[in-house]
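> attaching a predicted model along with its sequence, questions to come.
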Amino acid sequence: MLSATIQTALAVIYPPRCLTCSNLVDSDFGLCGPCWRDTQFIGGAICDSCGVPLIGHSDDGELHCDDCLRTQRPWVSGRSAVLYKDNGRRIVLGLKHGDRHDVVGPASMWMAAVARDILKPNMLVVPVPLHWTRLLKRRYNQSALLAKDVAGQLELAWCPDALQRLKRTRPLGGMGRDERFLYLQGVIKVHPYRRRRMIGRSVLLVDDVMTTGATLSAATAACYAGGADHVSVLTLARATKDA
């Protein structure tokens, strides 16, 4: 009773606002009507490897986009919740660089919803890691925040430090596809004290955004090297060439 009273008082003092435009909304962690319509959620026919939406529809097995046909993915399946453009881009950047932790709640629900068809029994949810120096500066790993809430939504175990980034890498913007993949080879490894949690297990890798897939490929390779027998990937957003 006391908790409900406190929540009511807080709602009066701090009424819920839209994640992107800050207009008042009916509930916490929501989007207003116009922002919901302007956020490009991914659905319908999608690439099974990266989750990007595809034009057309087919019932003849799995579909794959041109990028995934051209670049073989080391993971089994991949899903993304929104396109990395317009509101989707603002949401990701707000979480990544703007301390917008209020994004995590709704984002994890969107991600969990699109991930359900690629889940495996006893799956372990693992975030893509930050280098410790970047983590110290930012104070949080946005992928770990998403992974924790996604694991809770899906009732799966998670391990925030299963992977380590051994080298502080420079921003990948401006690099070509091949250069990104080469630059990130061997950068990510399984934490030696967490390897036992991964051996013989299915892993769901979580990151905030997929661009070329170079970071997720490096993390997937680390999981397989650490003993995982199946890896799928899940991101909040998927960047496309026209974004």
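Ah, there it is.

> which residues touch the closest residue to residue 46 other than its chain neighbours?
Nearest residue to residue 46, sequence neighbours excluded (CB to CB, 6 or more residues apart in numbering): residue 53, at 5.6 Å. Backbone N, C-alpha and C define where each C-beta goes, glycine included. By CB atoms under 8 Å, 6 or more residues apart in numbering, the contact set of residue 53 is 42, 43, 44, 45, 46, 83.

> now the residues you listed as a markdown table including secondary structure and pLDDT?
Rendered in a markdown table, the data for those read as follows (DSSP: H, G, I helix; E, B strand; the rest coil; pLDDT from 0 to 100):
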| residue | secondary structure | pLDDT |
| --- | --- | --- |
| 42 | coil | 92 |
| 43 | coil | 87 |
| 44 | coil | 88 |
| 45 | coil | 91 |
| 46 | strand | 93 |
| 83 | strand | 94 |
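
> now list the buried members of those residues.
42, 46, 83 (16 or more other CB atoms under 10 Å).

> among these, which one lies nearest to residue 180?
residue 83 (20.1 Å; CB to CB).

> look up how far residue 92 lies from that closest one.
10 Å (CB to CB, to the nearest Å).

> residue 80 too?
11 Å.

> more neighbours: which of those two?
residue 80 (29 against 22; other CB atoms under 10 Å).

> could you list the domains of the protein?
Listed by automatic domain parsing, the domain ranges of the chain are 1-37, 39-238.

> can you tell me which of those domains is most buried?
A comparison of these by mean neighbour count, using mean count of other CB atoms under 10 Å, puts domain 39-238 on top with a mean of 18.
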